[in-house]
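> sequence and predicted structure, then a few things I'm wondering about:
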Amino acid sequence: QVQLVESGGGLVQPGGSLRLSCAASGFTLDYYAIGWFRQAPGKEREGVSCISSSDGNTYDADSVKGRFTISRDNAKNTVYLQMNSLKPEDTAVYYCAAETPDCGYAVDYWGKGTLVTVSS
């Protein structure tokens with residue numbers, strides 16, 4: 001069964017850090033660009049970060065540049081999103097997605113999401 005499973009969400013204080021994981025099963029992540037998206041209450045889903053499959057290039061939304069870092073470990077079939085200096089406006093459900101042929105193209109698979117809440 002093809003699945004993407006996110007983990008690592010939770011409650012964190014402003015200025016804190018979390019690391020999200022996106023683990024794939026039933027297929028190999030190597031051939032996919034992997035994107036992280038988020039959806040805050042009452043807002044549309046937006047792209048946060050993406051990492052290419054071919055050259056490892058990364059792309060970040062302006063709102064998270066310098067604070068979030070996306071990385072991949074193909075041996076573990078997992079992609080990570082390290083989130084530092086978190087702000088209340090980062091509160092959202094975070095989803096990972098497998099995209100082809102590269103970032104910004106069609107999404108083949110979505111995860112079910114993990115909730116991140118930034119609050120004091």
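Yep, it's here. Numbering: from 1, shown residues only.

> could you use CA atoms for every contact and neighbour count after this?
Fine.

> now do the same end-to-end measure for stretch 93-108.
For stretch 93-108, the first-to-last residue distance is 19 Å (Cα to Cα, to the nearest Å).

> what does stretch 73-92 give?
Taking Cα to Cα as the measure, stretch 73-92 stretches 24 Å from start to finish.

> buried set for it?
With burial defined by 16 or more other Cα atoms under 10 Å, the residues of stretch 73-92 counted as buried are 78, 79, 80, 81, 83, 84, 86, 87, 90, 91, 92.

> again, but for stretch 24-42
Neighbour counts over stretch 24-42 (16+ other Cα under 10 Å) mark 24, 29-40 as buried.

> state the mean pLDDT of it.
Model confidence over stretch 24-42, given as mean pLDDT, is 94.

> any residues touching it, and which ones?
The contact list for stretch 24-42, computed with Cα atoms under 8 Å, 6 or more residues apart in numbering, reads 1-5, 45-54, 74, 77-79, 81, 91-103.

> return the alpha-carbon coordinates of that stretch using CSV.
As requested, the backbone C-alpha atoms of stretch 24-42 are provided in CSV (Å, rounded to 0.1, in the frame of the first residue of the first chain):
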residue,chain,number,x,y,z
ALA,A,24,7.1,6.7,2.6
SER,A,25,5.9,3.1,2.3
GLY,A,26,5.0,1.1,-0.8
PHE,A,27,7.2,3.2,-3.0
THR,A,28,10.6,4.8,-3.2
LEU,A,29,11.0,8.5,-2.5
ASP,A,30,14.2,8.7,-4.6
TYR,A,31,12.3,9.4,-7.8
TYR,A,32,10.1,12.1,-6.4
ALA,A,33,10.4,15.7,-5.4
ILE,A,34,8.9,16.0,-1.9
GLY,A,35,7.1,19.1,-0.8
TRP,A,36,5.8,20.2,2.5
PHE,A,37,2.6,22.2,2.6
ARG,A,38,0.5,23.6,5.4
GLN,A,39,-3.1,24.7,6.0
ALA,A,40,-4.0,27.0,8.8
PRO,A,41,-7.6,27.2,10.0
GLY,A,42,-9.7,29.2,7.6
